[in-house]
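K.L.:
Build me a model from this:
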Amino acid sequence: MEHLIIDKTDDTPAIDFNPGTKELKISGRSLPEDVTTFYEPVLNWLDELESSDGGHYQFIVNLEYFNTASSKLILDILMRFEDIHTGGSVTIEIIWNFDKRDTDMEEAAEEYSELVEVPFSIVGI
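P.N.:
As a prediction, this is how the structure comes out:
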């Protein structure tokens with residue numbers, strides 16, 4: 001598995017999926033013009049993770065904002081993590097960080113945590 005790095009822009013989040021550290025990070029704002037095309041490399045990378053030798057990975061979310069189209073793809077990613085976590089030798093832990101003043105992001109994290117069967121921590125910063 002290659003280290004997946006996608007640089008942050010004003011409309012797209014930074015993606016840093018590092019198989020060496022087993023930390024999978026997403027941060028910034030997610031409102032890409034073509035959400036499917038933007039997140040395609042992430043979903044492809046998760047396919048590789050599922051067939052990997054295993055280990056414990058952390059998905060660390062530091063999103064400031066995401067639009068409706070992104071929310072669907074974020075859920076797709078979380079569901080893939082659930083499939084990976086329950087289906088083999090890879091375990092996943094989700095750590096969703098949010099600004100304590102941002103109740104919308106906290107509520108989004110809580111809703112996502114109820115939809116997936118993966119260890120899920122919601123951390124106000």
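K.L.:
Which strands border the lengthiest strand in the chain, and is each parallel or antiparallel?
P.N.:
In the chain, taking DSSP state E as the definition, the longest strand is strand 55-66. Sheet pairing for strand 55-66, assigned by DSSP bridges, gives strand 23-30 (parallel), strand 90-98 (parallel).
K.L.:
tell me which residues in it are buried?
P.N.:
57-63, 66 (16 or more other CB atoms under 10 Å). From N, CA and C alone the C-beta is placed, and that goes for glycine too.
K.L.:
on that earlier part again, using CSV, please lay out the strands paired with strand 55-66 together with distance to Thr36 and mean pLDDT.
P.N.:
As requested, the strands paired with strand 55-66 are exported to CSV (distance: least, CB to CB, whole Å; pLDDT from 0 to 100):
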stretch, distance to Thr36, mean pLDDT
strand 23-30, 13, 98
strand 90-98, 22, 96
